[in-house]
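# okay, structure incoming, though there's no sequence with it:
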């Protein structure tokens, strides 16, 4: 995600057809699907945990909706800070832009309804809904949207404009993540912990199956859709990316198990503060402070800048995590003292 944004902001326009730049954007194109998928997984964790604690269906749904509302709030706070940063020439269009957090909030609100169902039915229903969103994306893109407010269109319709994250097809990634999160949480408690190992093995097989099968259909000379853009709204691309994500999920599980006792991890630090890192690095890379570097670097220069921004974000993550740990220690100490006084 960081390297994609740095290359997009800093690379010279005349070098954007080079192989290095195109590769950077192809790899960076996985960032948004991964972000949505992982947000879906955390929603699946929440639903599974609430169900295990025997929370009512209504309260599970309300909890999922509250999480969606929180993401919406963060999304518009993020847009507001960018809008303020564009003073003295602020743009209303920039404030109303549908960024990844806006897309995530809408998708979480839409898929929150699956919290009303028990685990097995929830997983099947979520997968079906995610497939429906993916399959409908080319159809939604081909509809006539004349007269529809631009903000509504931006939230729903696949667009050739870079930097847009409409519900169709982006919500599909979040839906698949909800299903994966529910399954992973269930497997974690199954068969004395061995259920997770088996689940990851199945994810590897499913991931390869999705990639190779989708690639086969992508190369067919015909399509069931009258009009479809492979890179913007194709269900085949969504399934290919889903297969890659599942392989990455299994790889992350294996990597985490192998290095469980090895101590500090900069990747885990970034993951624990992902929202903060997203907010700050976008403001840094696209904001006024970066103006001297914008559209002025070669791909090699952008690569060095991406390394520098990543190091800054790792440092920011560590500062945030250590501050949180100190705050927690002080709170626990104050709680113990208060308990001792009352006793």
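Thanks, I have it. Worth saying up front: this structure is predicted, and the values here are computed from it rather than measured.

# make it CA atoms for all contacts and neighbour counts henceforth
Noted.

# packing partners of the longest helix along the chain?
The longest helix of the chain (DSSP state H) is helix 299-342. If contacts are counted by 3 or more C-alpha pairs under 8 Å, 6 or more residues apart in numbering; DSSP states H and E, helix 299-342 sits against helix 2-10, helix 266-272, helix 274-286.

# let's have those helices in a markdown table, adding mean pLDDT and distance to residue 107.
Shown next, in a markdown table, are these (pLDDT from 0 to 100; distance: least, C-alpha to C-alpha, whole Å):
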| stretch | mean pLDDT | distance to residue 107 |
| --- | --- | --- |
| helix 2-10 | 91 | 23 |
| helix 266-272 | 86 | 21 |
| helix 274-286 | 88 | 17 |
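
# that older thread, for the longest helix of the chain, what is the average pLDDT?
Averaged across helix 299-342, pLDDT comes to 85.

# check stretch 21-29 too.
On average, stretch 21-29 scores 83.

# just to revisit the earlier point, most packed of the helices and strands packed on helix 299-342?
Highest mean neighbour count among the helices and strands packed on helix 299-342 (mean count of other C-alpha atoms under 10 Å): helix 2-10, with a mean of 23.

# which SSE is immediately downstream of that one?
helix 19-28 (DSSP states H and E).

# quick one: that following helix to chain centroid distance?
Chain-centre distance of helix 19-28: 19 Å, with C-alpha atoms, centre = their mean, to the nearest Å.

# mind listing what's buried along the helix or strand following that helix?
Remark: after helix 19-28, the chain's next helix or strand is helix 31-52, criterion DSSP H and E. Within helix 31-52, the residues scored as buried using 16 or more other C-alpha atoms under 10 Å are 31-51.

# where does pLDDT dip in the stretch 101-250 of the chain?
Along the stretch 101-250 of the chain, the model assigns pLDDT under 70 to residues 161-163, 189-194.

# go again with 80.
For the stretch 101-250 of the chain, applying pLDDT under 80 flags the ranges 159-163, 187-195.

# how about residue 160, secondary structure?
coil (DSSP: H, G, I helix; E, B strand; the rest coil).

# quickly note the distance from the nearest residue to it once chain neighbours are set aside to residue 222.
Using C-alpha to C-alpha, 6 or more residues apart in numbering and skipping residues adjacent in sequence, the residue nearest residue 160 is residue 232, 6.6 Å away. Residue 232 is 18 Å from residue 222, where distance means C-alpha to C-alpha, to the nearest Å.

# which of the two has more residues huddled nearby?
Counting neighbours by other C-alpha atoms under 10 Å for residue 232 and for residue 222 shows that residue 232 has the greater number, 22 against 9.

# from memory the more buried one sits against residue 157, does it?
No - if you go by C-alpha atoms under 8 Å, residue 232 and residue 157 don't touch, sitting 10.1 Å apart.

# next up, the contacts around the nearest residue to residue 4 once chain neighbours are set aside.
In this structure, residue 4 finds its nearest non-sequential neighbour in residue 28, 4.6 Å apart by C-alpha to C-alpha, 6+ apart. For residue 28, the contacting residues are 1, 3-5, by C-alpha atoms under 8 Å, 6 or more residues apart in numbering.

# so which of those comes closest to residue 126?
The closest of those to residue 126 turns out to be residue 1 (C-alpha to C-alpha; 26.5 Å).

# these two touch, right, the closest one and residue 31?
Yes - judged on C-alpha under 8 Å, residue 1 makes contact with residue 31 at a distance of 5.1 Å.

# count the residues that sit near residue 62.
Neighbourhood size, residue 62 [other C-alpha under 10 Å]: 16.

# pLDDT at it, what is it?
With respect to pLDDT, residue 62 scores 96.

# distance check, residue 13 against residue 289.
20 Å.

# and residue 306, by the same measure?
15 Å.

# which one's more surrounded, these two?
Neighbour count, other C-alpha under 10 Å: between residue 306 and residue 289, residue 306 has more, with 21 against 11.

# now do the contacts for the closest residue in space to that one that isn't next to it in sequence.
Among residues not flanking residue 306 along the chain, residue 3 sits closest, at 5.1 Å (C-alpha to C-alpha, 6+ apart). Counting by C-alpha under 8 Å, 6+ apart, residue 3 touches 24, 28, 303, 306-307.
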